[in-house]
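**Q** Here is my input; please provide its structure:
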Amino acid sequence: MHFISLKIISLACLYLAVALYAGCLIFLLLDIRELSEVFLIAGFIIHTFSQVSRGYFIGIFTPNAVVEGIFFLPWCLACLLLSLRLFKKEGSPLGAPLVLLCFFAIIALFYPKGVIPMSPYTKTAYSTLFFFFEIFAHACFLLGACFGFLYIRGKEKSTLFNSLVIWGFILYSIAQVVGAIWCYLGWAALFNWSERHMQSATIWCFYAAYLHLHLLPSWDMKRRAAFSLAGGFIVFALSYSGHVMEMGMTRIGG
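**A** I've put the predicted structure just below:
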């Protein structure tokens, strides 16, 4: 019965974390920045506990439950926003990024909370590492798209979106290498011509093109920002199409 208690606590913490993120946004809009930061930090801490305890949903610790995309993505976004505050990026507007955080956090509230049972292919640590790096890269791409939009509108003067995209590409490349090892261990091949693998390849090629287009003389920062914005929509469409398919899978714990 112990894991049932952890499940209840985990779900309660998730709802509380989302409420704190929403409060953070509200206080920021009211220009009460100190209280907004307190709510963001508190939401992140409680969300962290929710993610860790989520690993015990089925009675034994399953790390893949901790890094499941729908629930892990808002955590990654909150982590990135806190990092921006830590490195003194006061000039960067956080209103739109907080809207993005709240949007994905609210989606998590309505998504099935149960855990997809682990198959023999997901017991390797490479599986968990793949999801960790992939979802963190998605967070970088989505936040980069958000700051790219602000740059196009003239609300953001720094090229922060470019740094986020570059870091996202690095993390995503690591995910592809780790994923290839996982694929080899489970299916005796480094790559499968499946929908999931093709989606990953599409995202990687898109951002590889982003990094190389700067060689064109006419490729200025506004065009990079527009490209990063388009990339955000691509990441959202491809990743969440997979999550929609997973909603119909058998789950343990709800």
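
**Q** Report the contact partners of the residue positioned nearest the centre of the chain.
**A** Centroid-nearest residue in the chain: L73, 2.8 Å away (criterion: Cα atoms, centre = their mean). By Cβ atoms under 8 Å, 6 or more residues apart in numbering, L73 lies in contact with F104, A108, I135, H138, A139, L142. (C-beta placed from N, C-alpha, C; glycine too.)

**Q** Grab the nearest non-local neighbour of the last one.
**A** What it means is L142. Of all residues not flanking L142 in the chain, G232 sits nearest, at 5.2 Å (Cβ to Cβ, 6 or more residues apart in numbering).

**Q** Over to the fifth one?
**A** Excluding the flanking residues, the one nearest A139 by Cβ to Cβ, 6+ apart is C76, at 3.6 Å.

**Q** who touches that neighbour in this structure?
**A** C76 neighbours (Cβ under 8 Å, 6+ apart): I135, F136, H138, A139.

**Q** and which of those residues is nearest to I252?
**A** The closest of the contacts of C76 to I252 turns out to be I135 (Cβ to Cβ; 21.0 Å).

**Q** per-residue pLDDT, that closest one?
**A** Per-residue confidence at I135 stands at 96 (pLDDT).

**Q** any idea whether it is helix, strand or coil?
**A** Here I135 is recorded as helix under DSSP: H, G, I helix; E, B strand; the rest coil.

**Q** Tell me how many other residues surround it.
**A** Neighbour count of I135, defined by other Cβ atoms under 10 Å: 22.

**Q** Touching, it and F71? I think so.
**A** No: I135 lies out of contact with F71 (Cβ atoms under 8 Å); the separation is 9.5 Å.

**Q** so where's the chain shaky on pLDDT?
**A** Scanning the chain for pLDDT under 70 picks out the ranges 1-4, 88-92, 119-120, 248-249, 253-254.

**Q** Show the contacting residues for A105.
**A** A17, V18, Y21, P74.

**Q** where's it relative to L73, distance?
**A** 9 Å (Cβ to Cβ, to the nearest Å).

**Q** Nearest to S228 among the contacts of L73?
**A** Taking Cβ to Cβ as the measure, L142 is the one of the contacts of L73 closest to S228, at 9.9 Å.

**Q** check contacts around that closest one.
**A** Counted by Cβ under 8 Å, 6+ apart, L142 has contacts L73, L77, L100, F104, G232, V235, F236.

**Q** out of those residues, which is most surrounded?
**A** The most crowded member of the contacts of L142, judged by other Cβ under 10 Å, is L77 (27 neighbours).

**Q** Noted, bye for now.
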